[in-house]
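K.L.:
Predicted model and sequence below, questions to follow.
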Amino acid sequence: MGNERKERMSNKRTVYVIDQTKGELESSIRWWVQASNSEVAIMEAPLETGFDYGVNVVKLATEADVKPQELAAQLSERISRASSPLISEVKNVGPFLNFRLNMPEFGGQVTSQVLSMAADYGKESGGYGQKVVIDMSSPNIAKRMSYGHLRSTIIGDALANLYRAQGYEVVRDNHLGDWGTQFGKLIVAIKNWGNENELLASEDPIGVLQDLYVKFHSEADGEKEELRVVAKQKIEKEGTVAIPKLNEAIEAVSQEIMKRKNIGRSDLDMSKVVEDALDRVIESDLEKEGRHWFLKLEQGDPEAKRLWKLCIDLSLKEFNQIYRILGVDFEKSLGESFYEDMLSDVIDKVRKSNVGNMSEGALVMDMQDKGLGVAIVQKSDGASVYMTRDLACAMYRQEDMKADKAIYVVGEDQKQYFQQLFEALRRLGYRIGENAEHVYFGMVSLPEGKMSTRKGRVILLKDVISEGLNKAQEVLEKKNPELGKNKALKDKVVRQIAIGALKWNDLNQDARRSIVFDWNKALNFEGNSAPYVQYTAVRANSILEASGKEPEKVASVLETSETDYGQESEKALIRQLAEFPNSIREAQRTNTPSKIAAYVYELAKRFNSFYTKTHVLKAESDHLVKTRLKLVAATSQTITNALRILGIEVPEKM
């Protein structure tokens with residue numbers, strides 16, 4: 001953003017017509033009801049009333065100690081005397097205060113504002129000077145991306161667009177899982193069973209790496225089972241003391257079970273306890289070799305680093321292909337490895353603070369007073385954990401990136417973990433802990449049931465995208481076979497429809513709800529879907545095209561103060577257009593992109609009702625043609641702006 005743009009945004013707040021109108025009404029109401037602290041909720045009036053907006057004054061009347069009907073009548077009289085140019089009539093009906101807009105004036109101002117601001121319509125500068133980091137996507141290196149990563153990616157991207165629309169500086173940070181003992185295991189697997197040349201030539205390198213990782217565990221489990229048989233024989237002959245560190249493991253497992261189940265020692269199933277303890281002390285040669293290679297990686301061994309970097313490069317190649325198709329970019333892609341050099345400082349800060357303490361050799365933060373249990377910062381063997389790395393990451397975001405706020409877009413199952421992380425930051429004196437939020441999302445299932453690896457019902461992201469592109473092409477070929485004559489355009493439109501449907505399926509409802517993924521519903525042109533809204537914008541643009549006026553130039557072509565907008569379908573459409581800025585504010589305030597989806601779906605429905613009931617190009621007069629074209633252009637622009645926030649494009653043709 002250039003300096004001129006920054007200056008304009010910081011010093012000039014956009015005053016929208018709807019805010020000005022509601023502000024005048026609220027000012028009159030508050031002046032009359034001076035003692036009121038209640039919100040003056042000015043809502044769209046029910047269609048059957050014949051009015052545009054209304055206020056229920058019951059709360060206000062209670063605070064003013066008057067009857068609601070009397071207050072409504074008094075306010076009606078006062079506002080009528082004020083003679084606002086945007087209000088044509090005020091009428092009280094029982095406890096309701098109803099307003100009818102001067103729609104030619106109001107509608108003319110709204111459509112002119114939409115068209116003059118164009119792509120900026122709906123934007124504000126309330127967040128100017130503040131930076132927010134959005135932690136999103138975060139796939140693990142050498143593992144295929146699943147639908148869960150899609151949810152994090154597109155919800156995070158929509159949030160980024162919302163915050164930018166409110167004037168914030170936004171950094172989308174792809175926090176890659178590129179560190180940990182699993183990389184030692186993967187290096188061993190590559191060396192034992194892999195072929196680097198075949199890996200480099202593979203069309204599915206992540207699949208090959210994942211298969212190698214699975215093979216490592218399969219072989220290691222086989223070794224451990226043999227060691228377990230030998231260990232049990234020793235225990236039968238010599239007791240548990242025959243296995244080094246087994247008694248300590250038995251005690252640790254016992255304590256954990258007693259605490260978790262709130263039972264006494266006499267209630268323990270000791271045979272199960274011993275089995276669990278054996279898992280902790282028995283280590284296969286492969287696992288030892290994996291630990292050894294990860295240690296070498298931590299120490300900077302060239303061969304270990306080369307193979308680790310190979311895994312990252314091959315993974316990012318596939319990840320970036322998916323991101324390009326989705327139309328998602330990142331300002332930062334800092335993996336866990338980036339913070340490795342900072343971990344000792346984090347551990348020192350916790351150790352030297354008055355909020356960290358040692359427990360059975362581990363460094364922990366006790367948060368039981370907040371109902372958050374105990375968070376481990378460093379294990380008893382000196383190893384770091386996710387909490388260590390996430391603390392380092394949050395500290396870096398505050399101190400080096402100068403972030404004022406951090407949003408973590410991660411699944412619902414991590415709710416308590418992030419509560420612990422934010423509390424740990426607060427206790428360590430980091431203000432970002434006060435300004436961090438976990439925007440979580442629910443599970444994804446298929447129409448036939450939950451995803452299950454065992455039953456082969458896991459949704460891999462690239463498979464979802466591939467299927468969507470195929471289905472979108474089938475739908476498009478049936479709807480518009482002529483489009484196939486231009487392959488480049490057809491391919492572009494297919495991608496726009498498929499990706500739009502994919503994103504809408506996720507963003508059209510509260511992210512916290514679990515969703516059922518069904519391509520047949522997602523690609524529906526008639527229901528609550530992206531294709532329905534996209535097609536509405538395409539239809540509006542086709543009207544403008546048929547008029548001979550280019551959409552982007554329609555504002556200057558149609559400059560006129562002589563507007564009408566007397567039809568109910570026009571009024572309903574204008575009221576919805578006017579509410580767009582408020583829908584953005586509310587969606588950003590609540591971190592809920594679904595509010596934008598709900599808004600634009602309603603806008604599309606109202607436009608289609610207008611299109612069905614009202615002539616545009618065949619209107620009774622040239623004046624009506626112009627004013628209705630202006631309304632069509634404003635609708636097209638607002639749908640485009642709303643979909644852009646959701647990361648969805650409007651196709652040229654459909």
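P.N.:
Thanks, I have it.

K.L.:
tell me the SS of residue 524?
P.N.:
Following DSSP: H, G, I helix; E, B strand; the rest coil, residue 524 is assigned to coil.

K.L.:
and the residue nearest in space to the middle of the chain, what is it in contact with?
P.N.:
In the chain, the C-alpha nearest the mean C-alpha coordinate belongs to residue 155, at 1.9 Å (C-alpha atoms, centre = their mean). Contact partners of residue 155, counting by C-beta atoms under 8 Å, 6 or more residues apart in numbering, are 136, 409, 439, 441, 506-507, 511, 593. Yep, even glycine has a C-beta here, placed from its N, CA and C like the rest.

K.L.:
Reformat those into JSON lines and put distance to residue 38 next to each item.
P.N.:
Converted to JSON lines, the contacts of residue 155 look like this (distance: C-beta to C-beta, whole Å):
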{"residue": "136", "distance to residue 38": "38"}
{"residue": "409", "distance to residue 38": "35"}
{"residue": "439", "distance to residue 38": "30"}
{"residue": "441", "distance to residue 38": "34"}
{"residue": "506", "distance to residue 38": "36"}
{"residue": "507", "distance to residue 38": "33"}
{"residue": "511", "distance to residue 38": "31"}
{"residue": "593", "distance to residue 38": "29"}
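
K.L.:
that older thread, name the element the residue nearest to the centre of the chain belongs to?
P.N.:
helix 147-165 (DSSP states H and E).

K.L.:
do residue 55 as well
P.N.:
Using DSSP H and E, residue 55 maps to strand 53-56.

K.L.:
what's the answer for residue 100, then?
P.N.:
strand 96-101.

K.L.:
ok, then the element right after that strand?
P.N.:
Counting by DSSP H and E, what follows strand 96-101 is helix 103-117.

K.L.:
And that following helix, what does it pack against?
P.N.:
Contact here means 3 or more C-beta pairs under 8 Å, 6 or more residues apart in numbering; DSSP states H and E; on that basis helix 103-117 packs against helix 17-32, helix 554-557, helix 568-578, helix 622-645.

K.L.:
of all those helices, which lies closest to residue 257?
P.N.:
Comparing those against residue 257 with C-beta to C-beta, the closest turns out to be helix 622-645 (48.7 Å).

K.L.:
Packing partners of that closest one?
P.N.:
By 3+ C-beta pairs under 8 Å, 6+ apart, helix 622-645 packs against helix 103-117, helix 147-165, helix 530-546, helix 554-557, helix 568-578, helix 580-589, helix 594-613.

K.L.:
most packed of those?
P.N.:
helix 147-165 (a mean of 24; mean count of other C-beta atoms under 10 Å).

K.L.:
circling back: between the helices and strands packed on helix 103-117, which gets nearest to residue 614?
P.N.:
helix 568-578 (5.2 Å).

K.L.:
now the longest helix seen in the chain, how far from the centre of its chain.
P.N.:
Using DSSP state H to define each element, the chain has its longest helix at helix 205-238. Relative to its parent chain, helix 205-238 has a centroid offset of 39 Å by C-alpha atoms, centre = their mean, to the nearest Å.

K.L.:
mind listing what's buried in that helix?
P.N.:
205-210, 212-213, 216-217, 219-220, 224, 227, 231, 235 (16 or more other C-beta atoms under 10 Å).

K.L.:
Of all pairs in those residues, which one is the farthest apart?
P.N.:
Using C-beta to C-beta, the buried residues of helix 205-238 reach their maximum pairwise distance at 205 and 235, which is 44.1 Å.

K.L.:
Out of the helices and strands packed on helix 622-645, which gets the lowest mean score?
P.N.:
The weakest mean pLDDT among the helices and strands packed on helix 622-645 belongs to helix 554-557, with a mean of 55.

K.L.:
circling back: what element comes up after the longest helix of the chain heading to the C-terminus?
P.N.:
Once the chain leaves helix 205-238, the next helix or strand it forms, by DSSP H and E, is helix 246-261.

K.L.:
could I have that following helix exported to CSV, CA atoms only?
P.N.:
Taking C-alpha atoms only, helix 246-261 is exported to CSV below (Å, rounded to 0.1, in the frame of the first residue of the first chain):
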residue,chain,number,x,y,z
LEU,A,246,10.1,-50.0,33.7
ASN,A,247,9.2,-49.4,37.3
GLU,A,248,9.5,-45.6,36.8
ALA,A,249,7.2,-45.9,33.7
ILE,A,250,4.7,-48.0,35.6
GLU,A,251,4.5,-45.3,38.3
ALA,A,252,4.1,-42.5,35.7
VAL,A,253,1.3,-44.4,33.9
SER,A,254,-0.4,-45.2,37.2
GLN,A,255,-0.4,-41.5,38.2
GLU,A,256,-1.8,-40.4,34.9
ILE,A,257,-4.6,-42.9,34.9
MET,A,258,-5.6,-42.2,38.5
LYS,A,259,-5.6,-38.5,37.8
ARG,A,260,-7.5,-38.8,34.5
LYS,A,261,-10.1,-41.3,35.9
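
K.L.:
Show me which of the buried residues of helix 205-238 is closest to residue 143.
P.N.:
Closest approach between these and residue 143, by C-beta to C-beta: residue 210, at 5.8 Å.

K.L.:
isn't the closest one right up against residue 143?
P.N.:
Yes - assessed by C-beta atoms under 8 Å, residue 210 is found in contact with residue 143 at 5.8 Å.

K.L.:
Just the pLDDT for residue 2.
P.N.:
Note on residue 2: pLDDT of 45.

K.L.:
same check, this time on residue 55
P.N.:
Residue 55 is given a pLDDT of 92.

K.L.:
swap in residue 558?
P.N.:
The score at residue 558 is 55. That number is its pLDDT.

K.L.:
now do residue 36
P.N.:
pLDDT for residue 36: 60.

K.L.:
Name the spans of this protein whose pLDDT lies under the cut-off.
P.N.:
Residue ranges of the chain with pLDDT under 70: 1-12, 34-37, 446-459, 522, 525, 549-563.

K.L.:
how is it carved up into domains?
P.N.:
11-101, 180-299, 461-645 (automatic domain parsing).

K.L.:
which one of these lies closest to residue 356?
P.N.:
Closest of the domains of the chain to residue 356 is domain 180-299, at 20.3 Å (criterion: C-beta to C-beta).

K.L.:
end-to-end on the closest one?
P.N.:
Using C-alpha to C-alpha, to the nearest Å, one end of domain 180-299 lies 13 Å from the other.

K.L.:
Stretch 122-135 now?
P.N.:
With C-alpha to C-alpha as the measure, stretch 122-135 spans 25 Å from end to end.

K.L.:
For that stretch, which residues meet the burial criterion?
P.N.:
Residues of stretch 122-135 classed as buried: 122-125, 127, 130-135 (neighbour count, 16+ other C-beta under 10 Å).

K.L.:
Tell me the one of those nearest residue 416?
P.N.:
Residue 416 lies nearest to residue 135 out of the buried residues of stretch 122-135, by C-beta to C-beta, at 17.0 Å.

K.L.:
Now do the SS call for the closest residue in space to the closest one that isn't next to it in sequence.
P.N.:
Distances taken as C-beta to C-beta, 6 or more residues apart in numbering put residue 408 closest to residue 135, at 4.5 Å, once the chain neighbours are dropped. Per three-state DSSP, the local secondary structure of residue 408 is strand.
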